[in-house]
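Novice: Just the structure for this:
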Amino acid sequence: MKNWYKEEYSFKITVVSVGADKEPVNCRNGHEIGDTYTCEYGCPGGFCSKSMIKLFPLMEAVRSGGDLTNLLAGASKHNGEFICPDGVVTFGLEAFCNEISG
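Specialist: Predicted coordinates:
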């Protein structure tokens with residue numbers, strides 16, 4: 001696959017917590033505290049596809065000039081936390097503006 005489009009933003013997703021007892025066995029995908037994923041547009045390898053359903057709209061908001069403070073409690077413009085659809089894993093999300101040379 002050839003990526004022809006230069007993405008304006010990169011994203012870092014970090015596992016902040018897993019369940020009340022912090023046991024990865026509670027996560028169907030096996031996420032563990034400290035796991036980190038990076039991506040620009042698509043789903044990063046090994047990341048939970050079900051959680052991507054919640055992540056993608058957040059990424060789109062940032063890409064279109066939005067502000068995560070309006071979408072996630074306690075967030076700053078390009079940093080925040082979201083919980084997986086199953087309510088087990090909390091992820092940290094950071095957006096980074098890429099240098100686009102034209």
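
Novice: neighbours of Val15, just the number please.
Specialist: 22 (other CB atoms under 10 Å). From N, CA and C alone the C-beta is placed, and that goes for glycine too.

Novice: In contact with it, which residues?
Specialist: For Val15, the contact set (CB atoms under 8 Å, 6 or more residues apart in numbering) comprises 31-36, 89-92.

Novice: Mind doing that once more with 10 Å?
Specialist: Contact partners of Val15, counting by CB atoms under 10 Å, 6 or more residues apart in numbering, are 24, 27, 29, 31-37, 47-48, 84, 89-92.

Novice: Buried ones among these?
Specialist: Under a neighbour-count criterion of 16 or more other CB atoms under 10 Å, the subset of the contacts of Val15 counted as buried comprises 24, 27, 29, 31, 35, 37, 47-48, 84, 89-91.

Novice: ok, these vs Gly66, which is closest?
Specialist: Using CB to CB, Phe91 is the member of the buried ones among the contacts of Val15 that sits closest to Gly66, with 18.0 Å.

Novice: The closest one reaches Pro44, doesn't it?
Specialist: No - counting by CB atoms under 10 Å, Phe91 does not reach Pro44; the two are 11.4 Å apart.

Novice: Overlap of the contact sets of these two?
Specialist: Taking CB under 10 Å, 6+ apart as the contact criterion, the residues that touch both Phe91 and Pro44 are 13, 37, 55.

Novice: circling back to that earlier point, lowest-confidence entry in the buried ones among the contacts of Val15?
Specialist: In terms of pLDDT, Pro24 ranks lowest among the buried ones among the contacts of Val15, with 69.

Novice: Give me the below-cutoff pLDDT ranges for this protein.
Specialist: Low-confidence regions of the chain, defined here as pLDDT under 70, cover residues 1, 22, 24, 101-102.

Novice: The same query, at a cut-off of 90, please.
Specialist: Counting by pLDDT under 90, the chain shows low-confidence ranges at 1-6, 19-26, 42, 70-71, 73-74, 99-102.

Novice: The helix or strand that Val16 is a member of pairs with which strands, and in what direction?
Specialist: In this structure, Val16 is located in strand 9-18 according to DSSP states H and E. Strand 9-18 has the following strand partners under DSSP bridges: strand 36-39 (antiparallel), strand 89-97 (antiparallel).
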